[in-house]
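Asks: When you get a sec, could you give me coordinates for this:
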Amino acid sequence: MSMSRQNWILGLIVCLMIGSVAVVMARIKTGQKLGAPGVKTTAVAGSNRLKVELAPTVLGYTSEWVEVDDLTLQSLPKDTSFGQRRYRAADGFEVVANAVLMGGDRSSLHKPQFCLTGQGWVIDNAASSEERVAISGSPAYDLPVVKLVSTKEFNQNGQTLKARGIYVYWYVADGAVSASTTGLQRMWWMARDLVRTGILQRWAYISYFAVCNPGQEEVTYQRMKTLIAASVPQFQHPPNPVLAAGQ
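Replies: Residues are numbered from 1 along each chain as shown. Sure thing, here's the model as predicted:
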């Protein structure tokens, strides 16, 4: 058989495979159902969006609800839901917590690295890591999170100063939590459940962000861990023990 004929046959096989996968995915999408969220929500009057009910009171912090800006509302799918709060301790320490809950359109979720760099933060990969935060309650579990440490320069009175940003994030769906820099685990679970059950997992992306001076990164992160551990049980449903273990 000539080389050109082999290439033609191979090309035909590839086209048939692509076509078959497209047909299967189209059928799955047509019959898919959206799963329940892994966070507590309330309906928003006159809208198909939901409000993610982040903890209003925790550990003596004051908190205020922060409205989502118009640019974010316009750039994400119309069935995307949100929750955002700013927490402030008595000594002035501040943390912003944010939740983005997808609807039927999976493009609501994206890698947080894009947002940070887009806002001028430079991620310090050597200082960033995948971590665990102990969540007490019934059941108690270790919450997997990704900690990103970043740097941003700004001018103040003619001087160039540096700030460090500590960004902690993870993803949660009904019965499942996931956190990795690649996001492959979450995408695998989503595809697996969609094929097996026809249910599209409804993932929410949760983040906590604080700014500190250089040298205060570990102290800041420990305070954030304490806040996360105390606030998560108030708005996030506990995961299935198997999925919490990352299997």
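
Asks: beta partners for the residue nearest the centre of the chain?
Replies: Nearest residue to the geometric centre of the chain (CA atoms, centre = their mean): Tyr205, 2.4 Å. Judged by DSSP bridges, the bridge partners of Tyr205 are Val100, Tyr171.

Asks: Contact partners for it?
Replies: 99-101, 109, 112, 169, 171 (CB atoms under 8 Å, 6 or more residues apart in numbering). For every residue, glycine as well, the C-beta is placed using N, CA and C.

Asks: Mind giving me the PyMOL select for those residues, buried ones only?
Replies: Per 16 or more other CB atoms under 10 Å, the buried members of these correspond to this PyMOL selection:
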select buried, resi 99+100+101+109+112+169+171
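
Asks: Redo the contacts of Tyr205 as TSV? Include distance to Leu161 and pLDDT.
Replies: Conversion of these to TSV gives the following (distance: CB to CB, whole Å; pLDDT from 0 to 100):
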residue	distance to Leu161	pLDDT
Ala99	31	96
Val100	30	95
Leu101	36	95
Leu109	33	80
Pro112	24	81
Tyr169	26	96
Tyr171	33	95
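
Asks: ok, of the contacts of Tyr205, which one's closest to Glu153?
Replies: Distance to Glu153 across the contacts of Tyr205 (CB to CB) is lowest for Pro112, with 20.3 Å.

Asks: So the closest one is in contact with Val145, correct?
Replies: No: under the criterion of CB atoms under 8 Å, Pro112 makes no contact with Val145, lying 11.5 Å away.

Asks: tell me, what's touching the two both at once?
Replies: With contacts taken as CB under 8 Å, 6+ apart, Pro112 and Val145 have Tyr169 as neighbours in common.

Asks: Now Gly103. Nearest residue, chain neighbours left out?
Replies: Leaving aside its sequence neighbours, Gly103 sits nearest to Asp79 (CB to CB, 6 or more residues apart in numbering; 2.9 Å).

Asks: Quick one: distance of the host helix or strand of Thr220 to the chain centre.
Replies: If you go by DSSP states H and E, Thr220 is part of helix 217-235. Averaging C-alpha positions (CA atoms, centre = their mean, to the nearest Å) puts helix 217-235 16 Å from its chain's average.

Asks: Kindly report the same for stretch 57-65.
Replies: 22 Å.

Asks: Only alpha carbons, please: show it as PDB.
Replies: Output in PDB follows, covering the C-alpha atoms of stretch 57-65 (Å, rounded to 0.1, in the frame of the first residue of the first chain):
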ATOM      1  CA  THR A  57     -20.400  36.500  61.000                       C
ATOM      2  CA  VAL A  58     -17.300  34.600  62.000                       C
ATOM      3  CA  LEU A  59     -14.600  34.900  64.700                       C
ATOM      4  CA  GLY A  60     -15.400  38.400  65.700                       C
ATOM      5  CA  TYR A  61     -14.700  39.700  62.200                       C
ATOM      6  CA  THR A  62     -17.100  42.300  60.800                       C
ATOM      7  CA  SER A  63     -18.100  41.700  57.200                       C
ATOM      8  CA  GLU A  64     -19.900  43.400  54.400                       C
ATOM      9  CA  TRP A  65     -21.500  42.100  51.200                       C
END
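
Asks: Good, we can wrap up now.
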